[in-house]
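Visitor: predicted model and sequence below, questions to follow.
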Amino acid sequence: MVSMRIQGQPPPETGPGPAASQPAMGTAVLGTVWAAGALLAAAASDRAVAVPSNAEQARVLEQELASEPAALAVRAALVRHYAGLAPASEEERRLLLGHVLWLIRNRPETEIAGSREARFDPLVDAEAYLPAEALWVEQIRSRGNDEAVFENALRFFDLAGPLRHRAADQLWQSRELSADAPERFSLMGHLYLAELPVPLAAVHQRMAARALWHFERALIGSQSCPMTLTWAARAALEAGDPARARTYALDVLAWPPAPWERDDILHWVHVVLGRVALRDRDKAGAKEHLLAAGHVAKGGTVSSFGPNMRLARELLLAGERGVVLQYLRLCAQFWPSGEDELQLWTAAVEEGRIPDFGANLDY
């Protein structure tokens, strides 16, 4: 059923006739009229309740929800309202958490339960994140075969940042994935691979190995998917298996990617092949792959987030400054928004230093 947002505005402050002769309606009355109209419309059809624009409208919806807790459209409107407040008061944050926990517990399959507004950053708001995480794990255990529930849980955990590996472990222990769902295996692979805990080498390799396990099972259902092959190649390299990484990367080159993902894929494949070449003591090959990784067009993810600098850093450690400077010049052609970073990195390399590439070691 198609969902439509109510576009109407609150009623005017005066009734019919000259404004001077009509008494102004109070804020509470306005909020009540607004909410009543929204609720009646939502009940009459399956349209969404308009998101409150002020505290009084939210208060009226809270009252309505107290008498009808299953009114999903009302709860969704309140979640979007509270999540959009900046800054939010302690009471508003408490209300948001209460609504999100209700959604996870009672309607985990819904769009609003998997929305960004219903997620919490554990590093910013651990008090909200932890009870929500526990409920999602519980839902995976009891309703993990429901595709919508599982994918909403993955979306929630995808915001876990440095705690992603812990979240992935929770899912690993709580659910068996069916072989006919390659996209779920791929999502789990990304969950493990994202923000690997680099300082702990053993943990890093364990997470990468689990990412590889999931990507390989995703490939069973989609052997010719260049993007999944690319991520499998990266995971294999991080898991300490450069031979398998090379195999997957070369397989990617045998399958022409779709135009919209071509540059991202080729960039990553050449980064992986270059790092494999370095492990084989083939500096010349690694340098060729670094320059190939820089020959991409504007428009892909690398044009927004910038290039991956891991191969460049490894070549700097091997004393190859010249080719890295060439690479940085190539990057300037497809990453114009990164002009400041590229200038800083170039200056550092020219001075014989290894720049702090930050997140671009992982993109």
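Guide: Sure thing, it's come through.

Visitor: can you tell me how far Asp241 is from Gly322?
Guide: 31 Å (Cβ to Cβ, to the nearest Å). Where you see a C-beta, it was placed from the backbone N, CA and C, and this is true even at glycine.

Visitor: so those two - more neighbours on which side?
Guide: Taking neighbours as other Cβ atoms under 10 Å, Asp241 and Gly322 compare with Asp241 leading, 17 against 11.

Visitor: now for the more buried one: which residues touch it?
Guide: Applying Cβ atoms under 8 Å, 6 or more residues apart in numbering, we find Asp241 in contact with Leu212.

Visitor: worst-scoring helix or strand of the protein, pLDDT-wise?
Guide: Sorted by mean pLDDT, DSSP states H and E, the helices and strands of the chain end with helix 27-44, the least confident at a mean of 44.

Visitor: which parts of the stretch 151-300 of the chain are helices?
Guide: Assigned by DSSP state H, counting those that start in this stretch, the stretch 151-300 of the chain shows helices spanning 164-174, 182-193, 201-221, 226-238, 242-254, 262-279, 283-294.

Visitor: quick one, which of those gets closest to Leu95.
Guide: Closest approach to Leu95 among the helices of the stretch 151-300 of the chain is made by helix 164-174 (25.0 Å; Cβ to Cβ).

Visitor: can you give me the mean pLDDT across that closest one?
Guide: Averaged across helix 164-174, pLDDT comes to 55.

Visitor: likewise stretch 213-229?
Guide: Here the average pLDDT along stretch 213-229 is 78.

Visitor: what does stretch 67-84 give?
Guide: Averaging pLDDT along stretch 67-84 gives 95.

Visitor: then that stretch to CSV, C-alphas only?
Guide: These are the backbone C-alpha positions of stretch 67-84, laid out as CSV (Å, rounded to 0.1, in the frame of the first residue of the first chain):
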residue,chain,number,x,y,z
SER,A,67,-4.3,5.4,24.4
GLU,A,68,-3.4,3.6,21.2
PRO,A,69,0.2,2.2,21.5
ALA,A,70,-0.1,0.2,18.2
ALA,A,71,-0.5,3.4,16.1
LEU,A,72,2.6,2.9,14.1
ALA,A,73,2.3,6.0,12.0
VAL,A,74,2.0,8.2,15.1
ARG,A,75,5.1,6.5,16.6
ALA,A,76,7.0,6.9,13.4
ALA,A,77,6.2,10.6,13.3
LEU,A,78,7.4,11.0,16.9
VAL,A,79,10.6,9.2,16.2
ARG,A,80,11.4,11.4,13.2
HIS,A,81,10.5,14.5,15.3
TYR,A,82,12.8,13.7,18.3
ALA,A,83,15.7,12.4,16.1
GLY,A,84,15.6,15.6,14.2
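
Visitor: okay, and Ala76 sits in which element?
Guide: When elements are defined using DSSP states H and E, Ala76 is found to belong to helix 72-83.

Visitor: what's that helix in contact with?
Guide: Counting by Cβ under 8 Å, 6+ apart, 38-39, 42, 46-52, 58, 61-62, 64-65, 68, 88, 92-93, 95-96, 99-100, 102-103, 107, 110, 112, 115-118 sit against helix 72-83.

Visitor: could you rerun that using 7 Å?
Guide: Among residues not part of helix 72-83, those counted as contacts by Cβ atoms under 7 Å, 6 or more residues apart in numbering are 39, 42, 48-52, 58, 61-62, 64-65, 88, 92, 95-96, 99-100, 102-103, 107, 110, 112, 117-118.

Visitor: what about those residues, which are in strands?
Guide: The subset of the contacts of helix 72-83 located in strands under the criterion DSSP state E is empty.

Visitor: which ones among these map onto helices?
Guide: Using DSSP state H, the subset of these located in helices is 39, 42, 58, 61-62, 64-65, 92, 95-96, 99-100, 102-103.

Visitor: which among those residues end up buried?
Guide: Neighbour-count burial (16 or more other Cβ atoms under 10 Å) applied to these gives 39, 42, 58, 61-62, 64-65, 92, 95-96, 99-100, 102-103.

Visitor: pull the most distant pair out of these.
Guide: The span of these, defined through Cβ to Cβ, is set by Ala42 and Glu92 at 22.4 Å.

Visitor: Arg94: neighbour count?
Guide: Neighbours around Arg94, by other Cβ under 10 Å: 14.

Visitor: cool, and Glu216?
Guide: Glu216 has 17 nearby residues by other Cβ under 10 Å.

Visitor: and for the one 3 residues further on?
Guide: Neighbour count of Leu219, defined by other Cβ under 10 Å: 21.

Visitor: list the contacts of it.
Guide: Taking Cβ under 7 Å, 6+ apart, one finds Cys225, Thr228, Leu229, Ala232 in contact with Leu219.

Visitor: now the third one, nearest residue through space, not along the chain?
Guide: With Cβ to Cβ, 6 or more residues apart in numbering as the criterion, Leu229 has its nearest non-adjacent residue at 4.6 Å, and that residue is Val252.
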